[in-house]
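1. sequence-free structure coming up:
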């Protein structure tokens, strides 16, 4: 598989297909990450597009010391922050209609429907960094080092954010 | 292993991401520590609960078209990076945009004056080079290009800054600072790292102007920002 840096080199050389290849590679993680932030499919599509366009527009500020994926997530987080900053009412979301249970998931039986609903709402109400950290860890499977790069903190802080966040969610489940 | 060490690695253990040796150590510890077993159990419940949730998928057509949509947006809406020039110079002076406070309009006015002087200074000192150059600045017309700069900076005309409402100041701050945020510069560290490159970019763009374009730029700068300054001149000598 072509590496990100090879694709970026091609993009730098004016190869427009390289842009599409990069987007194809990361569109799903970015879209679903953003969807879990904004809980609106149309907004998630628009903000995903904005994330990629901003990334390509500012590609010269990507110094290649970190990996491209973490850089994209960092942009996505900032695009979402701006989205909420422009209109704070957007934070008032109804996530119940968005989340559904995957019946084929072997983990489906782990918690009750009521607990699942509480969990979703609780995750959405965690402090921003804890929410980002848990989302990136659980759904994207990123390492603490990568999450630290994305959220702009140390690896230790990323671990702490995860553990405190999960602790709060556990307490909610325990009732 | 101590409980703290085990609990630090529980999620990786749960996800099967640890190497065999580390996983074995944790397994041994769990066998004799009920507290850590309980920790693992509740972690499974939370992580498993989160993972069992699915979000609506926009469908195959969306994923097929989305890269084209981004491509179109990028190439069609692409503009020369006139706004970042201002932002970059701004950052060169002030560091991260977060430091900037619009609660001090006078300070902001002085800041704008500094930006304007820097731009004018760049043009002045590079003038000799400009007269021999003939490169354009891309497909955008010159008027659009510098109109863009004017649209961003003109509200900052020092004399008028104090008359702006809080709403206007907030709007301006979004336009100036927002661009940085969207670039993924989530904190001071990143911005500092980018600073040199960003300033270099500003130079590169200014160097791309020919003599006719330079005249145009200078007229705009003089009209917009240097009303009271008569000492700068850019004769073609």
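-> That came through, no problem. Quantities reported herein were computed from a predicted structural model and do not represent experimental measurements.

2. so who does residue 14 touch?
-> Looking at chain A here, since you left the chain open. Residues near residue A:14 by CB atoms under 8 Å, 6 or more residues apart in numbering or on different chains: none. (C-beta placed from N, C-alpha, C; glycine too.)

3. not quite, I wanted chain B
-> Going by CB under 8 Å, 6+ apart, residue B:14 touches B:40, B:43-44, B:47.

4. distance of it relative to residue B:72?
-> Noted for residue B:14: a distance of 42 Å to residue B:72, by CB to CB, to the nearest Å.

5. picking up where we left off before, make a markdown table from the contacts of residue B:14 and add neighbour count to it.
-> As requested, those are exported to a markdown table (neighbours: other CB atoms under 10 Å in any protein chain shown):
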| residue | neighbour count |
| --- | --- |
| B:40 | 19 |
| B:43 | 20 |
| B:44 | 16 |
| B:47 | 21 |
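
6. the residues you listed also near chain A: which ones?
-> B:43-44, B:47 (CB under 8 Å from any CB of the partner chain).

7. so which of those residues sit within helices?
-> Among these, the ones falling in helices (DSSP state H) are B:43-44, B:47.

8. between those, which is nearest residue A:60?
-> Nearest to residue A:60, judged by CB to CB, of these is residue B:47 at 38.4 Å.

9. can you tell me the closest non-neighbouring residue to that closest one?
-> For residue B:47, ignoring the flanking residues on the chain, the nearest one in space by CB to CB, 6 or more residues apart in numbering or on different chains is residue A:138 at 5.8 Å.

10. and the one you found, what is it in contact with?
-> Neighbouring residues of residue A:138 by CB under 8 Å, 6+ apart: B:47, B:50-51.

11. now those as CSV including distance to residue A:19 and pLDDT?
-> What follows is the contacts of residue A:138, written out as CSV (distance: CB to CB, whole Å; pLDDT from 0 to 100):
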residue, distance to residue A:19, pLDDT
B:47, 35, 88
B:50, 33, 87
B:51, 32, 84
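
12. closest one of these to residue A:7?
-> Nearest to residue A:7 among these: residue B:51, at 29.8 Å, using CB to CB.

13. ok, that closest one - how many residues close by?
-> A total of 16 residues lie near residue B:51 under the criterion other CB atoms under 10 Å in any protein chain shown.

14. low-confidence bits of chain A, can you list those?
-> Applying pLDDT under 70 to chain A flags residues A:1, A:94-111, A:175.

15. now do the contacts for the residue positioned nearest the centre of it.
-> Centroid check for chain A by CA atoms, centre = their mean gives residue A:33 as the closest residue, at 3.1 Å. Counting by CB under 8 Å, 6+ apart, residue A:33 touches A:73, A:76, A:135-136, A:139-140.

16. at 6 Å instead, please
-> Going by CB atoms under 6 Å, 6 or more residues apart in numbering or on different chains, residue A:33 touches residue A:76.

17. need phi/psi at residue B:19.
-> The phi/psi pair for residue B:19 (degrees, to the nearest 10) reads phi -70, psi 170.

18. how about residue B:53?
-> Torsion angles at residue B:53 (phi, psi; degrees, to the nearest 10) stand at phi -90, psi 140.

19. beta partners of it?
-> residue A:101 (DSSP bridges).

20. tell me how far the longest helix belonging to chain A lies from the chain's centre.
-> Using DSSP H, we find that the single longest helix of chain A is helix A:16-38. Counting by CA atoms, centre = their mean, to the nearest Å, helix A:16-38 is centred 11 Å from the centre of its parent chain.

21. tally of neighbours for the residue nearest to residue A:170 when sequence neighbours are not counted?
-> Spatial nearest neighbour of residue A:170, chain neighbours left out: residue B:42 (4.5 Å); criterion: CB to CB, 6+ apart. Applying other CB under 10 Å, we find 18 residues neighbouring residue B:42.

22. okay, residue B:42: pLDDT?
-> You'll see residue B:42 listed with a pLDDT of 84.

23. surely it meets residue A:172?
-> No - the pair residue B:42 / residue A:172 is not scored as a contact, 11.0 Å apart, by CB atoms under 6 Å.

24. any idea how far residue B:2 is from residue B:9?
-> 11 Å.

25. which one's more surrounded, the two?
-> Per other CB under 10 Å, whichever of residue B:2 and residue B:9 has more neighbours is residue B:9, with 17 against 10.

26. what's the spacing between the more buried one and chain A?
-> Separation of residue B:9 from chain A (CB to the nearest CB, to the nearest Å) stands at 10 Å.

27. and that residue, backbone torsions?
-> Residue B:9 adopts backbone torsions of phi -110, psi 10, taken as degrees, to the nearest 10.
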